[in-house]
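Q: any chance you could fold what I've pasted below:
(chains A, B and C)
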Amino acid sequence: MLTILVDGLAYGMLLFVLACGLSVTLGVMNFINLAHGAFAMAGGYVAVVLVNGYGVPFLLALPIAAIAAGLLGVVLEQTLYVHVYRRSHLDQVLFSIGLVFIAMAVVDYTQGSQQQFLHLPNFLKTRIDLGVVSLGTYRVLIICICGVLALALQAILTRTRFGARLRASVDDPVTARGLGINVNAIFAATFGVGSGLAGLGGALGAEILGLDPSFPLKFMVYFLIVVTAGGAAGMTGPFLAAILLGVADVAGKYYFPSVGAFIIYTLVIVLLVWRPNGLFAAASGR
Amino acid sequence: MNRHILLVAAALAALPLVAHAAEPFRIGLLVPMTGPFQSTGRAINDAVKLYLKQHGDTVAGHKVEILLRDDAGVPDNTKRLATELVVRDHVNAFAGFGLTPLALATAPVATQAKIPEIVMVAATSSIVNASPYIFRSGQVLPQPATIAADWALKHGVKKIVSVVSDYGPGYDAEKWFNDRFTAGGGTVVAALRVPLANPDFAPFLQRVKDAAPDAMYAFVPAGVGGIFAKQFVERGMDKSGIRFIATGDVTDDDNLGDMGDAMLGVVTAGPYSAAHPTELNKAFVDGYREVSGGHRAGFVAAFAYDGIDMLYRALEKTKGNMDGTALAEALKGLSFESPRGHISVDPETREIITPIYIREVKKVDGALYNVETETFAAVKDPAKIKP
Amino acid sequence: MNHQRVRQALAAPRRLRTTEFVFWLATIAAYVLLPERSLLLNETAILGLFALSLDLVLGIAGIVSLGHAAFFGLGAYTAGLVGKIGLTEPVLGLLVAGTAAGVLGFATSFLVLRGSDLTRLMVTLSVSLVMLELANRLTSLTGGADGLQGIVIGAVLGTFEFDMFGRVAVAYSLTVLFLAFLLARWLLHTPFGLAVRAIAANPLRSAAIGIPNNRRLVGIYTIAAVVAGLAGALLAQTTQFVSLDVLAFHRSAEVMLVLVIGGTGYLYGGLVGAVLFKLLQDQLSDLTPQYWQFWLGLIFVALVVVGRDRVFGAPQALWRRIRSAA
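A: Sure, this is the predicted structure:
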């Protein structure tokens, strides 16, 4: 059923945009940032407030939400995260969970605990019927935006000097510094971009995944799955993993509804036992 | 030595003064204020505050004290907090309970302490059987589910697909609707279950669309209803002639205003609508809007309001006697007007007897409301009616 | 001659230190002096036992697990079911629950042998989520979302009936905790325990000197699962109620937080962390039932940014003294 395929593709791409920031943070900075979902949530709420409260057009609200989340990321990175880089992974877990609690409480206090419903423009609520397959306009939008982003990110990573510096910092920060690369600035920029992407994902996903103060904890599992299954290095791994998981989850629930929930978890276990470092892990196992 | 006697005498003299001031009536309010069900807890808390504001905090000579405790939706917390409320704070009644396991975990504590437990939101039928001190002020899922099935049969719906969330209340909603529907001659083409932690409804909605029934009956937790309905419309299902029938939980007034026009035309069966046209309800809705900082009163708030009302009336009926067993006796058979209509407590089963309305989502003054189209008065819990 | 010195060095940590005596005396004092907080103390003891089991896996063996609730939950449901079918003596139920959890631990241990921290995190998490779904589905067995009902728990060893105030419950839980702790402490200094610690420190080197890495890891993982199952059983027995919540993700996350707060690897971390966490949660929740999470989060962030070592410097230094020769 092609419609299901398209649905799964859209869902997978959404997961990718949401999770690639986490993948980058993990791969680049070796930092377990469980607060990643909080930046997604921030982006989502910014979009909701802009669209519902101030009548800002949805397509304009998306980049604003992304930038807002990105800025938040940079600010937090410079003020709090820098102190925590050298701590153990467990400390990082404690720290990021603490941030999540704070974020959830703040959002709850300012926006209330109920579900947020984004008022989409009418042209995004339609359906394109192509006979053999029926596509929701919103899902098509997601596929387009995320597809473009994925290509852009890959291009930046492989074809720009920034990308080269980034890859150098990942492979060997000491040597990179030795070559004069400003590793700290690269980390800050990467974190900002990662958070911004999460924010965009949150804004895009509000319509499909929902948005309420418990968003970071609810979806953390899915982000982690994408990152682990994809291998935390580069873009292609998480991208393909996200698509695979999205399609498998949606198709699985369609064809085997009674075992729907088990599919994704069993898939993860099987995947990770077969390839412990992720499907597309780089040679440098970290 | 003299000072000693003086002190003792002073203490003894003060005693009758202390004893004269009537003991406060303490109500332990156990609700999830944090965690995934916190919106339920907030609504309950706000409704209780509203009631006290409107009716004062004194009843039959006793001052009412509300002791709010957050159980975060975790049953062992609820049980511990309930026990502590009895042992340390000497409460005279429990109220709240956003979920079934929370109410069930507290049942033995209520029985042992012999104090009434008012279940405001949890809607599983078996709860009241867990203790002779449990009373319900909200609804039981079989009530709206069976009424919805009756309505569907009456309006020419022959084939349905049911879609429920894969957990206890979902199974209840599914069973009571489907059984009633098939007993009345209808066909359930498919009974789908959606995992609770489900990010995307696409596959399930697509299945419904493929089965092409006359109507889809859905039960999902409050809050998720809006997303579900949006995806229903996104898939073009509203235009394909499939009616959307649900219990009132899906179109919770708390969220309905924001859900968007996708919800127009959804038919639900439920006990409470903010648009119920009585003076009492208007006062309730307006008051709630003030107390909660701008939110619309939904069924959770209405149930909580009624729950506190029940305790107040019981205490008046016992003329201030705070003994738990006396209060329990007084609670049985209570019958009064509430924001939703006329409700009463079944003296045999301690279950709530509530009106159930068939409502359709329509625009009223530019906002979405559940407009009542049919009334079924005094609906008892079908699960407890002996055949 | 060297023989003697090595034997002394290995034996030294086994002796109980004064601070440890103080810790357990304080625990007994809390039991005696705070009867009105028995229920909270009971939950703290159970959480401490659960954290201790995670310490065996995470702190000692170095396996990151975010799905430890699977064993806790299985232990809880087993104890509940045992109580329901008529075997009401709690200690018996405890043993059955521990065994069941151990079997699950053994079965899933093979999944965590390979891979990075993140891989193990995800595999363990997925296992616990599968368990949660199973419990949700098998409503006839588990009661589903409504919880397991009809649990009857008799008197401990036939003599101590559980009371409403929780006095017997907390004494029972503390006893189990103490015994489990002694077991863990003893285990740590056996050849098995030393082997596991060696593996955690450097798996390549430990394999090179002939330690069967995988077998030892499977062993410690199973033992940790048994202890976690005991903690779950305690919860089921002392509250006489089990619901899906025992398998929820927040249980695994909470126990990991507790362990991280207290410090990993020296067995007391879980206990200290449990006390601090429960105390904080209780006090904050009393102060602001709505926003206590905010303050808790703030404390976590501050704790890490300021540096846990500065806060827990004393216990860490103590541990170093315990580890090195007297």
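
Q: how about the residues of the stretch 1-150 of chain A by chain B?
A: A:1, A:3-4, A:7-8, A:11, A:52, A:108, A:112-117, A:119-120, A:125, A:127, A:129, A:134, A:136, A:138 (Cβ under 8 Å from any Cβ of the partner chain). Glycine gets a C-beta too; all of them are placed from N, C-alpha and C.

Q: of those residues, buried ones?
A: A:3-4, A:7-8, A:11, A:108, A:112-117, A:120, A:125, A:127, A:134, A:136, A:138 (16 or more other Cβ atoms under 10 Å in any protein chain shown).

Q: just those: which are in strands?
A: The strands, defined by DSSP state E, take in A:Arg127, A:Ser134, A:Gly136 from these.

Q: what's the lowest-pLDDT member of those residues?
A: Within the set of those, pLDDT is lowest for A:Ser134 (76).

Q: OK, contacts around the nearest residue to it once chain neighbours are set aside?
A: Take A:Ser134 and drop its neighbours on the chain: the residue closest to it by Cβ to Cβ, 6 or more residues apart in numbering or on different chains is A:Thr3, 5.2 Å away. Applying Cβ atoms under 8 Å, 6 or more residues apart in numbering or on different chains, one finds that A:Thr3 lies in contact with A:Val133, A:Ser134, A:Leu135, B:Gln206.

Q: list the buried ones in stretch B:117-133?
A: Buried, per 16+ other Cβ under 10 Å, within stretch B:117-133: B:117-125, B:127-128, B:130-131, B:133.

Q: could you identify the most distant pair in these?
A: B:Ala123 and B:Tyr133 (18.6 Å; Cβ to Cβ).

Q: thinking again about what came up before, quick check, nearest of the buried residues of stretch B:117-133 to chain A?
A: Using Cβ to the nearest Cβ, B:Val121 is the member of those that lies nearest chain A, at 14.8 Å.

Q: so among the contacts of A:Thr3, which ones count as buried?
A: A:Ser134, A:Leu135, B:Gln206.

Q: before we move on, back to that, of the buried ones among the residues of the stretch 1-150 of chain A next to chain B, which belong to helices?
A: Judged by DSSP state H, the subset of those located in helices is A:Thr3, A:Ile4, A:Asp7, A:Gly8, A:Tyr11, A:Asp108, A:Tyr138.

Q: out of those, who's nearest B:Leu67?
A: Nearest member of those to B:Leu67, counting by Cβ to Cβ, is A:Asp108, at 22.1 Å.

Q: confirm for me that that closest one is in contact with B:Gly35.
A: No - taking Cβ atoms under 8 Å as the definition, A:Asp108 is not a contact partner of B:Gly35, at 10.8 Å.

Q: about what we covered before: for the residue nearest to A:Ser134, give its distance to chain C.
A: 26 Å (Cβ to the nearest Cβ, to the nearest Å).

Q: now A:Pro57
A: 34 Å.

Q: give me the number of residues near that residue?
A: Using other Cβ atoms under 10 Å in any protein chain shown, the number of residues around A:Pro57 comes to 10.

Q: what's the answer for C:Ala248, then?
A: 18.

Q: tell me which element the most centrally placed residue in chain C is part of?
A: Nearest to the mean C-alpha position of chain C, by Cα atoms, centre = their mean, lies C:Phe50 at 2.0 Å. Following DSSP states H and E, one finds C:Phe50 within helix C:38-55.

Q: please see if that helix touches chain A.
A: No - using Cβ under 8 Å from any Cβ, helix C:38-55 stays clear of chain A, with a minimum separation of 11.2 Å.
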